[in-house]
Structures are given as structure tokens and as C-alpha cells.
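**Q** sequence and predicted structure are below.
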Amino acid sequence: MTGRKRVAILISGRGSNMSALIAAAEAADYPAEIVGVFSNIVDAPGLASAAAAGIPTAALSHKDYASKAAFEAALTGVLAGWQAEIVCLAGFMRLLSADFCTRWAGRLINIHPSLLPRHKGLHTHEQALADGSTTHGCTVHFVTPGLDEGPAIAQASVPVLAGDTPATLAARVLVEEHRLYPRALAMLARGEARL
Ligand code: GRF
């Protein structure tokens, strides 16, 4: 298939959502190809999974840069080298500047483990249990300068069950994340989702 969108994935950790995107993009009729995986954690386990799948990787520690702007300039260079057209955040644990978000507006998406606008930020499963939510889930959304505030592209929900712990709930949500993210990226790559 020609005209597939060139997608870079940014990670900081295990990269299970990254692997779900890589697997989806192996289908000949998927509208995007994964052209590179970047991590700000140089020994993130996801880097090895990406390399094993034959995807180019790059790692630059944010700690090696004097400022967020300098780190993002280096990241921008990596993305340009890959000729990335879309950037998917998948467990990328750095806040990107308003400048970066604006430059990539409409082409920068994230997966968040809650039904946004509920449970922004970290520890979303703890938050859902603490406030007695009966449903929980995940959201793929456009990234805008406000944390977890960009418009949603797609959501999937799961029930909260009696006796759930943050770990059991997270595992139930993660199954849905791995289904949702490839679907949402396909919508963006096909032009069916627009900011
Ligand atoms: C996922 O729960 C994702 O929603 C959140 O961070 C976690 C990353 O997990 N943003 P993984 O690295 O994709 O396995």
C-alpha cells in the first residue's frame, strides 16, 4: 500500500502500546507505518522490543540537555530524520512544551488510561477506585498544551468490579488500550479524525 502515513512513537518504558501499534502496522492495509521509536529513557525495555521488530530506534536522555527547548530541538531532529508525519505518545513520561505541541497540532496523539476528562494525570486507576467509578477505561486524544486536555479521538470502557485493585483494573484497561490505539491511529492516518 502506498501513501501510508509515517509514524514515530515516543516511549519511556515497557512499550506495550508501542508493540500493539507496531503489530497493527504490519497489516498490508493499515494506513500507517512505524518509522521509528524514540525514548527519553535510554534503557527503556520498549526499545529492545522495537529493535526486535526491525524498527529504527533512538534514545536521548532529557537529563543531558540544559533545557526542555534543547531536548525538544534534539527530538525534532530525530523526527525529521525519520520524516515522521504523525507522532504517537505511548507511555512517554515527559511533558512536551506548548511550542512543540503547537508545531505538531493535529498530528500528535496520546493514550491515557482513563475516560477523560475524568482522572487526568498519574495514578488514574487509584483515582477511579477512590471516587467509586463504576466504569473506567482509556482515551486516545490529540495532544494540546494542557495536560490530558486535548480532544478525544476514541475511548473504550471497562467495568470496575468488586474487589478490584489498581493492578487488576490497570490490566483490564490495558487490554482495551492495545485495541483502541491502533484503531485511533488508523482514523487519524485516514483523515477520519481531525483536530
Ligand atoms: C499506558 O497505560 C498508557 O495509557 C499510559 O502509560 C502506560 C504505558 O504503558 N500513558 P506501555 O509502556 O504502553 O506498556
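**A** On my side now, so go ahead.
**Q** list the buried residues of stretch 123-132.
**A** 124, 125, 127, 128, 129 (16 or more other C-beta atoms under 10 Å). All C-beta atoms are positioned from the backbone trio N, CA, C, and that covers glycine.
**Q** quick one: pLDDT of the fourth one?
**A** I take that to be residue 128. Looking at residue 128, its pLDDT reads 98.
**Q** you'd agree it is up against residue 136?
**A** Yes. At 4.3 Å, residue 128 and residue 136 qualify as touching, with contact defined as C-beta atoms under 8 Å.
**Q** identify the contacts common to the two.
**A** The contact sets of residue 128 and residue 136 overlap at 114, 119, 160, 169 (C-beta atoms under 8 Å, 6 or more residues apart in numbering).
**Q** can I get those residues in TSV including distance to the ligand, neighbour count and secondary structure?
**A** Listed next are the shared contacts of residue 128 and residue 136 as TSV, based on distance: C-beta to the nearest ligand atom, whole Å; neighbours: other C-beta atoms under 10 Å; DSSP: H, G, I helix; E, B strand; the rest coil:
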residue	distance to the ligand	neighbour count	secondary structure
114	9	22	coil
119	11	23	coil
160	16	19	coil
169	11	22	helix
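**Q** mind putting the residues you listed into TSV with distance to residue 95 and pLDDT?
**A** Below are the shared contacts of residue 128 and residue 136 laid out as TSV (distance: C-beta to C-beta, whole Å; pLDDT from 0 to 100):
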residue	distance to residue 95	pLDDT
114	17	98
119	17	98
160	28	98
169	25	98
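**Q** what's the neighbour count on residue 103?
**A** As a burial measure, residue 103 scores 13 neighbours (other C-beta atoms under 10 Å).
**Q** quick check, pLDDT for it.
**A** pLDDT, read off for residue 103, is 97.
**Q** got a list of what it touches?
**A** residue 76 are the contacts of residue 103 under C-beta under 8 Å, 6+ apart.
**Q** returning to that earlier point: show me which of the buried residues of stretch 123-132 is closest to residue 60.
**A** residue 124 (27.4 Å; C-beta to C-beta).
**Q** residues in contact with the closest residue to the closest one other than its chain neighbours?
**A** For residue 124, ignoring the flanking residues on the chain, the nearest one in space by C-beta to C-beta, 6 or more residues apart in numbering is residue 114 at 4.0 Å. By C-beta under 8 Å, 6+ apart, the contact set of residue 114 is 120, 124, 127, 128, 136, 137, 138, 139.
**Q** can I get those residues in JSON lines with distance to the ligand and secondary structure?
**A** Converted to JSON lines, the contacts of residue 114 look like this (distance: C-beta to the nearest ligand atom, whole Å; DSSP: H, G, I helix; E, B strand; the rest coil):
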{"residue": "120", "distance to the ligand": "12", "secondary structure": "coil"}
{"residue": "124", "distance to the ligand": "8", "secondary structure": "helix"}
{"residue": "127", "distance to the ligand": "13", "secondary structure": "helix"}
{"residue": "128", "distance to the ligand": "13", "secondary structure": "helix"}
{"residue": "136", "distance to the ligand": "12", "secondary structure": "strand"}
{"residue": "137", "distance to the ligand": "10", "secondary structure": "strand"}
{"residue": "138", "distance to the ligand": "6", "secondary structure": "strand"}
{"residue": "139", "distance to the ligand": "9", "secondary structure": "strand"}
